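>>> I would like the atomic coordinates for the input below:
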Amino acid sequence: MDNNHAWAEIWLDNAWHYTGDMDAAWFPDQTWFSGMIDKTVLILAEGSLAAENDEILDSGKYETVINSTRNYAKERTRTLTLHVTDEKGKPVSGAQVVPMVFNWGSLRALSYLTTDKKGHLHFSCGRGAFYLSVYHKGKKALRLVPSGTDEQVMLNVRLNAEDYPPENAILEYPSNPMQWQNPPDEYRKAVQTEKDRWKLKNDNDILQVEAWLDPADSLAYQTALACKGNWHALQEFMDKQQGVDTGYWEFLLSYDPKFLWQANSTQIQALYNFYETQKPYLTGSEEDLSLLSPTVYYEELPQPWKGVDGQALLYPPDFKVSGAEPKDKIEAVIKLLNNKHKIDAKKALSGLPSLELVYQQKYLNSYQFRILACSMLRANGFPAEFSRLPNLVTVFINGDWEYLNVVTGKWENRNSESSANMVVKVRLADADGIPIQASEEQLNLCRYVEGSCYPLAHPFTYLGQGWHQATFAREKAYLQFGYRISDSQTEFHQVLIDPAPSDTISIEITASKYPRTWQAADPQILALLPTAIRDQDKVLILGNFDQENSRRIADKLVNAKVDYLWLGYQESGQSQANYQYLPTWQQAVSADNHNALRSITLIKKDGQWQMFEGLWDKLP
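Residues are numbered from 1 along each chain as shown. Next up is the predicted model:
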C-alpha cells in the first residue's frame, strides 16, 4: 500500500489473476512471490469500485480496500472469526481491530477493521502468523494468531484496561507448493528480443550522453547517465542554467534515482532554484537530503509554481513565513497550515496526491496533512520527515530530531528537561550468552496509541557487549525486538517500559534461536557452480536479483566493502552490479520451485566453501 511491493492484477477467464516480471509472465499467477503466498497475512487491492463477491475491508468516498488474499491462497485461505467482549462479557460494537506483522523493528498495522453490532468480525487471511490488536474506548487486547492450516480460526477476545504482559513468540511463515512452468521457446525468444531492444536503447542513450558531455566533467556526466532515458530533461535544464553548482550534482547522485528518471526540465530547475536558496545552510549531512527532497512520502513529484519573475519555484510563495527565532518560524508555519487546511478524512481526496493538488484542498486526511506540514517546513529551511505517529512529524532543530505536533504546534522535546527523559538500556544475547548487536530494523521503542504501535524516531546506540542505549521522552511505551531465524521463522519479543521520573531502565533479552553458524557447503549447491567461480575467493550470493533477502544481503556486502558475486536464476532486465545469470541455478529452480525462495551466502574459509542460508546479521 505504501511501498514497492505492488504488482498488476488482470481479469482473465472470469477470475482475478496476477502477473509480474516479464520472464515468467507467459503463465498467469507465476512470479517472484508465487511460492511465498502462504507467508502472507493479507493481500490488499485498492480501487474505486468493488464487485459483488469481493470481500470489502474498508470503503470511503473515493476508494475501496478489497481483501484479495483468497484470490492468491485459494483453498489454503483461512477465515478468521473474532468475537470481542468487554470485561463483563458484553459484546463490543465498533471495536477497532488491527492485524499487525513485525516489520522494520516493530509491529506494523496492515489494515484497520471494526466489529459489527454484535462484536463480531470475519475476514480472510493467509497462513502466516500475525498479531491482532483490538481497541475500544481505552480498553484493549493483543492476541497472537499463529500460523496454521485450519480453514476456520475462532477467537474470543475480552478487552480490559491492563497493560500487555511480556510477549515472546516464534512466528511461523510457511512456503507453499508451486510448480514453476517454463514458457515455450517462442516466448523466451520474444522476451530476449525485448531485453536486447531495451539494452540497445540504453546503450544508445549512453553514446548520446558521451557525445553531449565530456566524461571528464564527471559529476554532470554521471548525473546524465543516472537519468537513463530521461537525459534529455537534464540537457534542457543545463542549456538554460549555466554554471550548475557541483553540490547540486552531488545531491542528485545521492538522492532517490527515480527523481532523475521522472523529472522534467522545469522540475529539475525548480529543485535547483530551491537548492540555491538553501546552499548557505547546507552541512553535507544526511539532514540535507531531508531538506532538499521534493517529495515527503511516496507522492508524485510536484509541479512547479511560477515566481513573479517567471522563475520555477519548488514551493508556492505563500509557504514562506517570518520569525525572529527558528521556533517562531515553525510556530508560524503550523499556524498557517491550520488556518488554510483541516483534517477531515470523509471530505478529503484518497491516496497520495502531489503537492500542488494537496495545496488546493481545504480538507485533508491525517497523513496528507502531515505530508503538507513537512513540505511547508522544508520550504522554510527546516529538514522535516513524515512520521506514522498521529499528528506528529519530526523536525531537525538545534542539532537533533524532535517530534512536532502539527495540529497543536506543541513540541515533544526530550532535551528541554532532563527530568522529562528516560534512558533505556537493552542487552541482547543469544542462547549461549554471546552478545548481539541489533540493527535498526530489529529493535525499537514504540508508543501505543489507540490500538496501534508507532516506533519512536530515536535509534539505539550500540555500546558494546550486547548493550544498546537510547534516550526518550519519559512515557509508558513498549520495547519491541525481532529477527529472522530463517526465511520461515521470526522470533519476536515485546516488553513494557513503565518509567518513574529520571529512570534508567535496563532490560536483558535472550534471542533463543539467533542464527550464527556457517555450515559446510552443500555438495549439491557447489555442483551448480562452474569451476571458474569455485576457484575464486569472492563471497557468493545464490538468489535472484528481485528477491528481497538476496538484495538485502548484497546491500550488507556493499556497505561492508566486501568483494562478492551475485548469482541468480534469471537474467536481470537492467544493469545490476556484480550480478550474473547462472543457468544451472535456473535448472535447479525449474526442478524444484522451493529453490527460487532460497537466499544462500557462500564464503571460503581455509580453502573450503561454507554456506549460510537466510538473512544473516553480521558476516563473521
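>>> return the helix or strand in this structure with minimum mean pLDDT.
Every helix and strand of the chain was ranked by mean pLDDT, DSSP states H and E. The lowest is strand 44-47, at a mean of 83.
>>> just the buried residues of that strand, please?
Across strand 44-47, burial judged by 16 or more other C-beta atoms under 10 Å covers Ala45. The way it works is simple: take the backbone N, C-alpha and C, and place the C-beta from them, glycine included.
>>> for the stretch 1-150 of the chain, give me the ranges with low pLDDT.
Regions of the stretch 1-150 of the chain meeting the criterion pLDDT under 70 cover residues 1-5.
>>> so what are the sheet partners of the least confident helix or strand of the chain and their directions?
strand 64-67 (antiparallel) (DSSP bridges).
>>> run through who's touching the least confident helix or strand of the chain.
1, 9, 57, 63-68, 110-111 (C-beta atoms under 8 Å, 6 or more residues apart in numbering).
>>> at 7 Å what do you get?
Residues outside strand 44-47 that contact it (C-beta atoms under 7 Å, 6 or more residues apart in numbering) are 1, 9, 63-68, 111.
>>> which helix or which strand is home to the residue nearest to Thr246 when sequence neighbours are not counted?
Using C-beta to C-beta, 6 or more residues apart in numbering and skipping residues adjacent in sequence, the residue nearest Thr246 is Leu219, 5.7 Å away. Here Leu219, judged by DSSP states H and E, is contained in helix 218-226.
>>> helix, strand or coil for Leu107?
Classification of Leu107 using DSSP: H, G, I helix; E, B strand; the rest coil returns strand.
>>> from Leu44, how far off is it?
In this view, Leu107 and Leu44 are 17 Å apart by C-beta to C-beta, to the nearest Å.
>>> domains of the chain?
8-162, 185-293, 317-412, 418-511, 519-613 (automatic domain parsing).
>>> now the ones you listed in CSV, with distance to Ala169?
Listed next are the domains of the chain as CSV, based on distance: least, C-beta to C-beta, whole Å:
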stretch, distance to Ala169
domain 8-162, 6
domain 185-293, 35
domain 317-412, 23
domain 418-511, 5
domain 519-613, 21
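>>> between those domains, which one is closest to Glu299.
Each of the domains of the chain was scored for nearness to Glu299 using C-beta to C-beta, and the closest is domain 317-412 (4.1 Å).
>>> quick one on the thing from earlier: show me what the helix holding Leu219 is packed up against.
Here helix 218-226 touches helix 185-212, helix 231-240, helix 246-254, going by 3 or more C-beta pairs under 7 Å, 6 or more residues apart in numbering; DSSP states H and E.
>>> now with 10 Å?
When contacts are defined as 3 or more C-beta pairs under 10 Å, 6 or more residues apart in numbering; DSSP states H and E, helix 218-226 packs onto helix 185-212, helix 231-240, helix 246-254, helix 258-262.
>>> show me what the first one is packed up against.
Think helix 185-212. Using 3+ C-beta pairs under 10 Å, 6+ apart, helix 185-212 sits against helix 218-226, helix 231-240.
>>> wait, which of those is closest to Gln524?
Minimum separation from Gln524 across these (C-beta to C-beta) falls at helix 218-226, 40.4 Å.
>>> quick check: mean pLDDT of that closest one?
In this model, helix 218-226 has a mean pLDDT of 95.
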